[in-house]
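Novice: Sharing a model that was predicted from the sequence below.
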Amino acid sequence: MHRIDWEDSKKKGEAYAYLAKVFEVKKPAVSLAMSFKRNSLKAAQMRDVAVRELGGKLLSDVGVEVKPTNCLLYTSDAADERSSVD
């Protein structure tokens, strides 16, 4: 299982407070999202902000950092409409 964590506990606390405020949730909800125990869209968005903007590290069970990858989401609607993504 993966989790998002910070090396500095002070930065972790600040990040949790920021995420709770921005996403209008309580800190326990942030904790569940960072431990991948909550998998809603909002939880995924919190994890994205945590890693990309707040210095969180995506870790595996053994504490090894996992690098996130970008992907392009392909939908059949775009193909049906012959739309393209720039």
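Specialist: Perfect, thanks for sending it.
Novice: Is Ala29 in a helix, a strand, or coil?
Specialist: At Ala29 the chain is in helix, as set by DSSP: H, G, I helix; E, B strand; the rest coil.
Novice: distance of it from Gly13?
Specialist: Look at Ala29 and Gly13: by C-beta to C-beta, to the nearest Å, they are 15 Å apart. Using the backbone N, CA and C atoms, a C-beta is placed for each residue, glycine as well.
Novice: neighbour-wise, which of those two wins?
Specialist: Ala29 (19 against 12; other C-beta atoms under 10 Å).
Novice: That one and Ala20 touch, don't they?
Specialist: Yes. At 7.4 Å, Ala29 counts as touching Ala20 under the criterion of C-beta atoms under 8 Å.
Novice: Just the CA trace of the longest helix belonging to the chain, in PDB.
Specialist: The longest helix of the chain (DSSP state H) is helix 9-22. Backbone C-alpha positions of helix 9-22 (Å, rounded to 0.1, in the frame of the first residue of the first chain) are rendered in PDB as follows:
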ATOM      1  CA  SER A   9       6.600  16.800  10.900                       C
ATOM      2  CA  LYS A  10       6.100  20.500  11.100                       C
ATOM      3  CA  LYS A  11       5.600  20.700   7.300                       C
ATOM      4  CA  LYS A  12       3.300  17.700   7.500                       C
ATOM      5  CA  GLY A  13       1.100  19.500  10.000                       C
ATOM      6  CA  GLU A  14       1.100  22.700   7.900                       C
ATOM      7  CA  ALA A  15       0.200  20.700   4.800                       C
ATOM      8  CA  TYR A  16      -2.600  18.900   6.600                       C
ATOM      9  CA  ALA A  17      -4.000  22.200   7.800                       C
ATOM     10  CA  TYR A  18      -3.800  23.700   4.300                       C
ATOM     11  CA  LEU A  19      -5.500  20.700   2.700                       C
ATOM     12  CA  ALA A  20      -8.200  20.700   5.300                       C
ATOM     13  CA  LYS A  21      -8.900  24.400   4.700                       C
ATOM     14  CA  VAL A  22      -8.700  24.300   0.900                       C
END
